[in-house]
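*Asks:* Provided below for reference: sequence and predicted model.
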Amino acid sequence: MRNKCKHKQKGFTLIELLVVIAIIGILATIVLVSLNTAREKARDARRQADVRQIMLAAEMYYDSNNAYPQAADYAAVSFGSFLINKPNDPLNTGSYIYAWADNTGNGQNYVICALLEENNQYFYGRESGSGEAVACPTL
């Protein structure tokens, strides 16, 4: 009888191992989803900082030239020495949307927009301030 008690096997059953692997998989999935959300928020924060940086350069340009920079698109806009390396979208999906107002070309208004990932809205900056909108505001 003593031999039967000592003959007890050590280790885990297949079911126990499968349960542990499933729990680890669920926890890893939760961590990855949280990490992706944090990455989205970080890219959105960079977009907002970029728009504010462009706004600052536009205001400094205006102080020197009595007009905001004008061009057909963001890639062609020149802020002079106030913004030499223009920031682009963190995902490299293109540049920000930049527009100037009036058709007379006197450069008294502008708007710069960046599409945010988290809420699919635009963060915009213009001569009167910044905010969020469903679409990039027109001038």
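*Replies:* Thanks, I have the structure now.

*Asks:* run the chain-centre distance for stretch 129-139.
*Replies:* 16 Å (C-alpha atoms, centre = their mean, to the nearest Å).

*Asks:* and what of stretch 36-54?
*Replies:* Relative to the mean C-alpha coordinate of its chain, stretch 36-54 is positioned 4 Å out (C-alpha atoms, centre = their mean).

*Asks:* can you pull the buried residues of that stretch?
*Replies:* Residues of stretch 36-54 classed as buried: 43-44, 47-48, 50-51, 53-54 (neighbour count, 16 or more other C-beta atoms under 10 Å). C-beta coordinates here come from the backbone N, C-alpha and C atoms, glycine included.

*Asks:* in PDB, list the C-alpha atoms belonging to it.
*Replies:* Extracted as PDB, the C-alpha positions of stretch 36-54 are listed here (Å, rounded to 0.1, in the frame of the first residue of the first chain):
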ATOM      1  CA  ASN A  36      -2.500  51.200 -28.800                       C
ATOM      2  CA  THR A  37      -4.900  53.700 -27.200                       C
ATOM      3  CA  ALA A  38      -1.900  55.400 -25.500                       C
ATOM      4  CA  ARG A  39      -0.100  55.600 -28.800                       C
ATOM      5  CA  GLU A  40      -3.100  57.200 -30.500                       C
ATOM      6  CA  LYS A  41      -3.300  59.800 -27.700                       C
ATOM      7  CA  ALA A  42       0.400  60.500 -28.000                       C
ATOM      8  CA  ARG A  43       0.200  61.100 -31.700                       C
ATOM      9  CA  ASP A  44      -2.800  63.300 -31.200                       C
ATOM     10  CA  ALA A  45      -0.900  65.300 -28.600                       C
ATOM     11  CA  ARG A  46       1.900  65.700 -31.100                       C
ATOM     12  CA  ARG A  47      -0.500  66.900 -33.700                       C
ATOM     13  CA  GLN A  48      -1.900  69.500 -31.400                       C
ATOM     14  CA  ALA A  49       1.600  70.700 -30.400                       C
ATOM     15  CA  ASP A  50       2.500  70.900 -34.100                       C
ATOM     16  CA  VAL A  51      -0.500  73.000 -34.900                       C
ATOM     17  CA  ARG A  52       0.300  75.400 -32.000                       C
ATOM     18  CA  GLN A  53       3.900  75.600 -33.200                       C
ATOM     19  CA  ILE A  54       2.700  76.500 -36.700                       C
END
